[in-house]
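**Q** requesting a structural model of the entry that follows:
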Amino acid sequence: MAHFDHNEFRAGEHLKITVSGNYKSIRLDNYLCARFGNLSRAKMQRIIKGQEILVNSIKSKPSRKLRGGDVVEFYLPDRELVADDLPIDIIAEDDALIVINKQPGIIVHPARGNPRETLLNALLHHANTNFSIADQYKPMVVHRLDKETSGTIVFAKKSEYAQKIADQFASRETQKIYLALVHGKLPQKTGEIEAPLMQHPGGLERQVVSEDGKYALSLWDVVQEYENFSLVKIILKTGRTHQIRCHLSHIGNPIVADILYGGKNSEYKNQESQTPSIINRVALHSWQLGFKHPITNQDVKYISPLPKDIYSFCKNLKVLETSKYSFDLDSI
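**A** As a prediction, this is how the structure comes out:
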């Protein structure tokens, strides 16, 4: 639960607000409109009627009079989602969920500075245009992928299904397998990286390995080895922020084009190709995602093929003749 302070809040957050002593008698809806200036009184009344807003632990009406020292508790509403007509690559869809092959460069959900043209906006348009009024749904985020990461991501159609899948992520019952194109060669075909992670102490938007961090474990398996690069399969056993990116950088094999963690943009052209292959985004792909279906409770698995940019780059590279890890990219 968050304690309201100087309008620092996030959509969907549970707030606990102590009314200033300057107030002697003010309506609940008027008070909340004053504190959240972007909401009209009519909308605030709908919010109050649509949920249990507590004043001193008692459910209250919009007309409730507040005095200094009263404690107000409620959930701040999610930002209103706008439907955007954007292309989406649907892997699977049923009554409970919709699974997408996310393209690199698209943000998963609206955030400060990016209110439109996210994957969530696109999914709302899909729901509004492909289903009857009775069957329409509001897509719900279950987990997230970074903007530049491509691949498999799941959204739920009802809150109860979102919670069931989210609980599996929280309890580490999901199967998450990624593919990453990294700089250099790894020391062996398989291995693990067990290194705790925490946010950079300088407040930078990156993670660092630290004994003071949270436990993090990644398993890796070399798929293909090249002269200056390797295609690596990563199995996540925990789900920390930037875990794969930070872990691979930690062992000296940063992901290609991951500037934040020491990677470099890369270009390669072999003798047969007419145009060079270029990687200028973090070369990380969510390949497979498995969990128990929220309705049937059966194990399900969804796969996104290797994206065009990573596939083309690897096809241009020369596989080392001494490589013990030869693999057919077309089978991925």
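**Q** rest of the way, CA atoms for contacts and neighbours
**A** Will do.
**Q** how about the residue nearest to the spatial centre of the chain: what's its closest non-neighbour residue?
**A** By C-alpha atoms, centre = their mean, the mean C-alpha position of the chain lies nearest to residue 144, the distance being 1.1 Å. In space, and not counting its chain neighbours, residue 144 is closest to residue 108: 6.5 Å by C-alpha to C-alpha, 6 or more residues apart in numbering.
**Q** now swap in residue 21 and tell me
**A** Closest residue in space to residue 21, ignoring its immediate chain neighbours: residue 68 at 3.8 Å, by C-alpha to C-alpha, 6+ apart.
**Q** residue 42 looks like it's in a strand, true?
**A** No: under DSSP: H, G, I helix; E, B strand; the rest coil, residue 42 falls outside any strand and is assigned helix.
**Q** from residue 182, how far out is it?
**A** 54 Å (C-alpha to C-alpha, to the nearest Å).
**Q** which stretches in the stretch 201-332 of the chain count as helices?
**A** Applying DSSP state H, counting those that start in this stretch to the stretch 201-332 of the chain gives helices spanning 243-250, 308-316.
**Q** show me what the last one is packed up against.
**A** Spelled out, it's helix 308-316. Helices and strands touching helix 308-316, by 3 or more C-alpha pairs under 8 Å, 6 or more residues apart in numbering; DSSP states H and E, are strand 277-279.
**Q** between residue 42 and residue 182, which one's more packed in?
**A** Each of residue 42 and residue 182 has its neighbours counted (other C-alpha atoms under 10 Å); residue 182 has more, 28 against 11.
**Q** hmm, that one is touching residue 227, no?
**A** No: contact between residue 182 and residue 227 fails when scored by C-alpha atoms under 8 Å: they sit 11.5 Å apart.
**Q** picking that back up, what's the distance between the residue nearest to residue 144 and residue 182?
**A** Residue 108 sits 24 Å away from residue 182, going by C-alpha to C-alpha.
**Q** cool, and residue 218?
**A** For residue 218, the distance to residue 182 equals 15 Å [C-alpha to C-alpha].
**Q** tally of neighbours for the closest residue in space to residue 74 that isn't next to it in sequence?
**A** Counting by C-alpha to C-alpha, 6+ apart, residue 53 is the residue found nearest to residue 74 once chain neighbours are left out, at 4.9 Å. Residue 53: 20 surrounding residues under other C-alpha under 10 Å.
**Q** what does the one 3 residues further on give?
**A** The number of residues packed around residue 56, counting by other C-alpha under 10 Å, is 13.
**Q** skipping adjacent residues, who's closest to it in space?
**A** Once flanking residues are discounted, residue 56 sits nearest to residue 71: 5.1 Å by C-alpha to C-alpha, 6+ apart.
**Q** OK, contacts around that neighbour?
**A** By C-alpha atoms under 8 Å, 6 or more residues apart in numbering, the residues touching residue 71 are 16-19, 54-57.
**Q** now list the buried members of these.
**A** Buried subset of those (neighbour count, 16 or more other C-alpha atoms under 10 Å): 16-19, 54-55.
**Q** and the residues you listed, which two are furthest apart?
**A** Farthest apart among the buried ones among the contacts of residue 71 by C-alpha to C-alpha are 19 and 54. That separation is 12.7 Å.
**Q** that older thread, gap between the residue nearest to residue 56 and residue 19?
**A** Residue 71 is 6 Å from residue 19, by C-alpha to C-alpha.
**Q** cool, and residue 304?
**A** 51 Å.
**Q** got it, and residue 32?
**A** According to C-alpha to C-alpha, residue 32 stands 10 Å off from residue 19.
**Q** next one: residue 205
**A** Look at residue 205 and residue 19: by C-alpha to C-alpha, they are 34 Å apart.
**Q** ok, now residue 215?
**A** 40 Å.
**Q** also residue 143?
**A** Distance of residue 143 to residue 19, given as C-alpha to C-alpha: 35 Å.
**Q** ditto for residue 124
**A** Computed as C-alpha to C-alpha, the residue 124 to residue 19 distance reads 37 Å.
**Q** same deal with residue 315?
**A** 63 Å.
**Q** what's the answer for residue 136, then?
**A** Residue 136 sits 39 Å away from residue 19 when distances are taken as C-alpha to C-alpha.
**Q** do residue 48 as well
**A** To residue 19, residue 48 is 17 Å away according to C-alpha to C-alpha.
**Q** same question for residue 303.
**A** 51 Å.
**Q** likewise residue 240?
**A** Applying C-alpha to C-alpha, the value for residue 240 to residue 19 is 37 Å.
**Q** nice, that's everything, thank you.
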